[in-house]
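# predicted model and sequence follow; I will ask about them next.
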Amino acid sequence: MNSSYLPIMLKGNTVTAIVIGGGVVAERKVKSLLKAGAAVRVVSPKLTAWLTEQWTRERITCLLRPYQAGDVRDAHLVYAATDQVSINAKIVDEANRAHIPVNRADQGDMGTFLSPSVLSRGNLVIAVSTLGAGPLAAVQITKELQHQYGPEYEHYLDILSLIRSTVKQHEPDIQKRRKLLQAALNMDLMQYVRSEQFKMWDESDVLRWMKHNNDGRTYIKEID
Ligand SMILES: C[C@@]1(CC(=O)O)C2=NC(=C\c3[nH]c(c(CCC(=O)O)c3CC(=O)O)Cc3[nH]c(c(CC(=O)O)c3CCC(=O)O)/C=C3\N/C(=C\2)[C@@H](CCC(=O)O)[C@]3(C)CC(=O)O)/[C@H]1CCC(=O)O
Ligand SMILES: NC(=O)c1ccc[n+]([C@@H]2O[C@H](COP(=O)([O-])OP(=O)(O)OC[C@H]3O[C@@H](n4cnc5c(N)ncnc54)[C@H](O)[C@@H]3O)[C@@H](O)[C@H]2O)c1
């Protein structure tokens, strides 16, 4: 695959996606779309049991019929995930004419975007793509990263995020703000998160930490 790709993070709850096809690949795409909060429409004469259940529970809408021209109308993202090469080609063609980004399951490079393999740890999201060179290699690399970036990263980023918002709210001086945010990165928060004495910080912990950090040094132990 020679094309260059632009990795972006798209806010799921702003997206209406249309997934055409109702097999295992469509199911996987719908799972990630729902997880991100997207509105999902499926068009397919047949559905997996899981997709049928989502439809029954009104988590997705569904047209139980083959794709027809015009189906991609009003969508922000299109997934061509049928097992029919000629149908997937028609869907991509229609989406391109309507200027809607389209993912093609059977020939990835013929679409305009690809789905990466994803590792999520709260606010840390690691998306891995081989750009179609080896989807299973992307899955394998993601599995390796799971060990390197364990569940503790979720707490780590939660604390960093709380420090950032509290510092922004309580420290008007830009220079001091920067110093504090740098100090937050320099202190060994990760070691603290992994330690026995770890407890999630609240705003008062951050304010205490800020008081101790006016000189830009770190005193994580002192606030325990
Ligand atoms: C990562 C993941 C995300 C997702 O789909 O959400 C994903 N494929 C996954 C699984 C998977 N894919 C395949 C198998 C069967 C084993 C095998 O054959 O190798 C399995 C395993 C399984 O199904 O369990 C086969 C396959 N995949 C593609 C083709 C057609 C082609 O080559 O173009 C064929 C041959 C089909 C055929 O036989 O005709 C195409 C694409 N698959 C991509 C993504 C995009 C490139 C990503 C990249 O390279 O980084 C791209 C280009 C388009 C796209 O789909 O966006 C997801 C793992 C989710 C996870 O667990 O993390
Ligand atoms: N991208 C990937 O990760 C990946 C992985 C495996 C396979 N694939 C490819 O993706 C395609 C789909 O794989 P699958 O395992 O989901 O197949 P599947 O056989 O499980 O499902 C195919 C679905 O397409 C629907 N369909 C058929 N004709 C249709 C039409 N005209 N309009 C709407 N829906 C229609 C069927 O009803 C069925 O629900 C295959 O062609 C395969 O080559 C892609």
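Perfect, thanks for sending it. Numbers count the residues shown, from 1 in each chain. Ligands and ions are numbered 1, 2, ... in the order given.

# after the lengthiest helix in the chain, which helix or strand is next?
Ranked by residue count, the top helix of the chain under DSSP state H comes out as helix 152-170. Per DSSP states H and E, the first helix or strand lying C-terminal to helix 152-170 is helix 174-186.

# does anything pack onto that next one? Which helices or strands?
Applying 3 or more CB pairs under 8 Å, 6 or more residues apart in numbering; DSSP states H and E, one finds that helix 174-186 makes contact with helix 152-170. Bear in mind the C-beta positions are built from the backbone N, C-alpha and C, glycine included.

# and the residue of the chain closest to ligand 2?
Minimum separation of the chain from ligand 2 (CB to the nearest ligand atom) falls at G23, amounting to 2.0 Å.

# wait, what's in contact with the closest residue in space to D71 that isn't next to it in sequence?
Nearest residue to D71 in three dimensions, chain neighbours excluded: V43, at 5.3 Å (CB to CB, 6 or more residues apart in numbering). Taking CB atoms under 8 Å, 6 or more residues apart in numbering as the contact definition, V43 lies against I18, V19, I20, C62, L63, R65, P66, Y67, Q68, D71.

# what do you get if the cut-off is 10 Å, keeping everything else the same?
With contact set as CB atoms under 10 Å, 6 or more residues apart in numbering, V43 has these partners: 18-22, 26, 61-68, 71-72, 82, 91.

# please apply the same query to H170.
Contacts of H170 by CB under 10 Å, 6+ apart are R177, L180, E203, V206, L207, M210.

# most widely separated two among those?
R177 and E203 (16.1 Å; CB to CB).

# which of these two has more residues huddled nearby?
Each of R177 and E203 has its neighbours counted (other CB atoms under 10 Å); R177 has more, 16 against 13.

# returning to what we had before: measure the residue nearest to D71 to S161 for me?
Between V43 and S161 the computed distance is 39 Å (CB to CB, to the nearest Å).

# and if you look at H76?
27 Å.

# how's the protein carved up into domains?
12-115, 152-223 (automatic domain parsing).

# taking the protein, what residue is nearest to ligand 1?
Residue nearest to ligand 1 within the chain (CB to the nearest ligand atom): G108, separated by 2.3 Å.

# can you count the residues close to that residue?
Other residues close to G108 by other CB under 10 Å number 17.
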